[in-house]
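**Student:** Below: sequence and its predicted model.
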Amino acid sequence: MTNPKFRRSAFAVVAVALVSAGACASGGGAAMKASDASPIVSVDPPTPDPRVGLRAGVDDPGMALWNLRLVSNTPSPEGFVGVTNSDLAFTGNYVIQGNYNGFIVWDVSNPAKPKLRKPYLCPASQSDVSVYNNLLFVSGEGLTGRIDCGSQGVPEPVSKDRLRGIRIFDISDFDNPKYIANVQTCRGSHTHTVVTDPKDSENVYIYVSGSAGVRSPEELPGCSNLSPEEDPNSALFRIEVIRVPLKAPQNAAIVTSPRIFTGLGPAPQRTAETQGRPQNANRPQRARTGPTQCHDITVYPAVGLAGGACGGYGLLLDISDVANPKRLTAVADTNFSFWHSATFSNDGSKVLFTDEWGGGRAPRCRATDAYEWGADAIFTIENGQMHFKSYYKMPAAQTEVENCVAHNGSLIPIPGREVMVQGWYQGGVSVFDWTDPMNPKEIAFFDRGPLDASRLTSAGSWSVYWYNGYIYNSEIARGLDVLELTPSPHISQNEIDAAKTVVYRQLNPQEQPKMVWPPSFALSRAYVDQLERSRGLSADRIAAVRGALQSAERQTGQARRDTLARLASELEAEASRSRDAAKVRLLVDSLRQLNGP
């Protein structure tokens, strides 16, 4: 039975699976000043919640920050204002922001003052973006995208000019991106996922998720919307895998179309018997009326797994053979309307799925909306099976004019913890700790008031990700936000400093990287701070360990090595008596790594 603490109401709804938010929203204007709102720093959430009742506005909305700082806000450039901003990808000092009119390249060498490097007009929904070396991949699914990037649309029902699939650009020169190829698919690309294969250095792969209807075979030969029983080559009930030869990306092509939905029937509906609990969904079903496509797939190559958010199901996939992913298991949840995206814990032992109830177009965070609906569901992974643990939802009640529901986010590399930042459209940005999968807890937030106080208009956080020390938020209507964690009772300065030692050359959040922390005094101190928080060591012992670390940092050569070795040996002997033995051992390992081989 669902934990009572997750209940706000019990009113009935009819859940309809919808696609991601795509309505144009008002935007542009002057950048909002970071000084317009000062963050609240505290251990307990501020009461009353400052997110409730914020002033509406495009350029001057009310803002609320808790344990986060707004570093900058930069409006969309001319030609992109008023058009939906979508996903983000990162390379070097650049953020690439998808937009339904194309993509925007921002230079964030100075996060306080992002500079526009290149706006590239090439309309198509959703324009989700990913990078690999000098290649940029952009999704196109709608009917108006053109092969030539024209803005006049495609009025004909069948046209050789229509683009539905993946565009490929060479971005070796950001000022002059070269459109080098496209790979057309039968259902287009709503989202996509770049996948690297450790056994194949010659190619990179793309998993394509297309949720639109099947296009006419007159437009793209081979497209069929018949059931697989009627046509074994049906474009339904499958994903596409594209292989991109790195030395000849213009030759990119679909190489497989894995049918990862075989045997899945219709997702179960909420009943008195199921009581909203997730269910194992691997039992063979007679009727082939389950999902016909995924919305989004997050891959985690370091552990050989992927999480497929596929309409009515959450799938766990084996990607050890990258070109041929296979379903290990699937779960359904009668509280979920539309499984949207996934995030793994760093060790791969847990996975979090989001529910985009209302398709991102509806207000789903009202005081009358049940906590479990439009939320995250957290599972542990054991022997290839997923086991439900709890829900998490941004907890501040939003209004009828704010589209709000769970959307895209990523882990923040706080060592020894699972801390995630996530966008909730006009519910804002929420940072929460789900180290304990049974008890996720919000520890920071950022929110603005509605875009328009008189009507429901699409805006807010589409995607928000941590990248090299900062948090970047793709605001649907207001451009690009840069945020930064502030030290608080929940996250110490040492934990923030340790997080900043994890530096990426490139980042596609849907290809989740394994976070590895190089040896540093900040890392060891972060573990000490966590032991103080968990009371894993006594206050006197915490003080002594901090003193020893301070002495070691001031020392050099053999004196430093002796101090660190002595401290590591002492703590190793104490670990078994600690209430947080695992964290003490992480501290010991960090000290020995800091001491060198």
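**Tutor:** Nice, I can see it. In this text the structure is predicted, and so the values were computed from the model without any measurement.
**Student:** burial measure for the residue nearest to Leu226 when sequence neighbours are not counted, as a count.
**Tutor:** Leaving aside its sequence neighbours, Leu226 sits nearest to Ser234 (CB to CB, 6 or more residues apart in numbering; 5.3 Å). Every residue, glycine included, has its C-beta placed from N, CA and C. Neighbours of Ser234 under the rule other CB atoms under 10 Å: 20.
**Student:** element containing Ser234, please.
**Tutor:** Under the criterion DSSP states H and E, no helix or strand holds Ser234.
**Student:** And Trp462, by the same measure?
**Tutor:** strand 461-467.
**Student:** Which other helices and strands does that strand contact?
**Tutor:** In terms of contacts (3 or more CB pairs under 8 Å, 6 or more residues apart in numbering; DSSP states H and E), strand 461-467 is packed against strand 85-91, strand 409-412, strand 419-423, strand 470-475.
**Student:** Let me have those strands in TSV, adding mean pLDDT and distance to Ala253 as columns.
**Tutor:** Converted to TSV, the helices and strands packed on strand 461-467 look like this (pLDDT from 0 to 100; distance: least, CB to CB, whole Å):
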stretch	mean pLDDT	distance to Ala253
strand 85-91	98	22
strand 409-412	98	30
strand 419-423	98	33
strand 470-475	98	30
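**Student:** Contact partners for the closest residue to Trp339 other than its chain neighbours?
**Tutor:** Nearest non-adjacent residue to Trp339, counting by CB to CB, 6+ apart: Ala309, 4.1 Å away. By CB atoms under 8 Å, 6 or more residues apart in numbering, the residues touching Ala309 are 294-298, 315, 339-342, 353-354.
**Student:** What segments of the stretch 151-300 of the chain are strands?
**Tutor:** Ranges of strands in the stretch 151-300 of the chain, per DSSP state E, counting those that start in this stretch, are 165-170, 178-184, 191-197, 200-209, 240-245, 253-256, 279-280, 296-300.
**Student:** The fifth one: which residues count as buried?
**Tutor:** Judged by neighbour count using 16 or more other CB atoms under 10 Å, the buried positions of strand 240-245 are 240-244.
**Student:** What helices and strands are in contact with the helix or strand hosting Gly314?
**Tutor:** Per DSSP H and E, Gly314 falls inside strand 313-318. Secondary-structure packing of strand 313-318 (3+ CB pairs under 8 Å, 6+ apart): strand 305-310, strand 326-332, strand 339-344, strand 350-355, strand 376-382, strand 385-392.
**Student:** got those strands as a markdown table, with distance to Cys122 and mean pLDDT columns?
**Tutor:** Below are the helices and strands packed on strand 313-318 laid out as a markdown table (distance: least, CB to CB, whole Å; pLDDT from 0 to 100):
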| stretch | distance to Cys122 | mean pLDDT |
| --- | --- | --- |
| strand 305-310 | 26 | 97 |
| strand 326-332 | 34 | 97 |
| strand 339-344 | 24 | 97 |
| strand 350-355 | 28 | 98 |
| strand 376-382 | 33 | 98 |
| strand 385-392 | 36 | 98 |
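**Student:** Now distance to Ser463 too, for those strands, in TSV please.
**Tutor:** Shown next, in TSV, are those (distance: least, CB to CB, whole Å):
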stretch	distance to Ser463
strand 305-310	14
strand 326-332	24
strand 339-344	10
strand 350-355	12
strand 376-382	15
strand 385-392	18
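**Student:** Can you check which of those gets nearest to Val545?
**Tutor:** Shortest distance between Val545 and these, using CB to CB, is found for strand 350-355: 29.2 Å.
**Student:** Sheet partners, orientation included, of that closest one?
**Tutor:** Partner strands and pairing direction for strand 350-355 (DSSP bridges) are strand 339-344 (antiparallel), strand 376-382 (antiparallel).
**Student:** any chance of the ones you listed in JSON lines, with distance to Met438 too?
**Tutor:** Below are the strands paired with strand 350-355 laid out as JSON lines (distance: least, CB to CB, whole Å):
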{"stretch": "strand 339-344", "distance to Met438": "17"}
{"stretch": "strand 376-382", "distance to Met438": "8"}
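**Student:** quick one on the thing from earlier: ok, the residue nearest to Trp339 to Ser257 distance?
**Tutor:** 19 Å (CB to CB, to the nearest Å).
**Student:** Can you give me the neighbour number for Lys199?
**Tutor:** Neighbours of Lys199 (other CB under 10 Å): 8.
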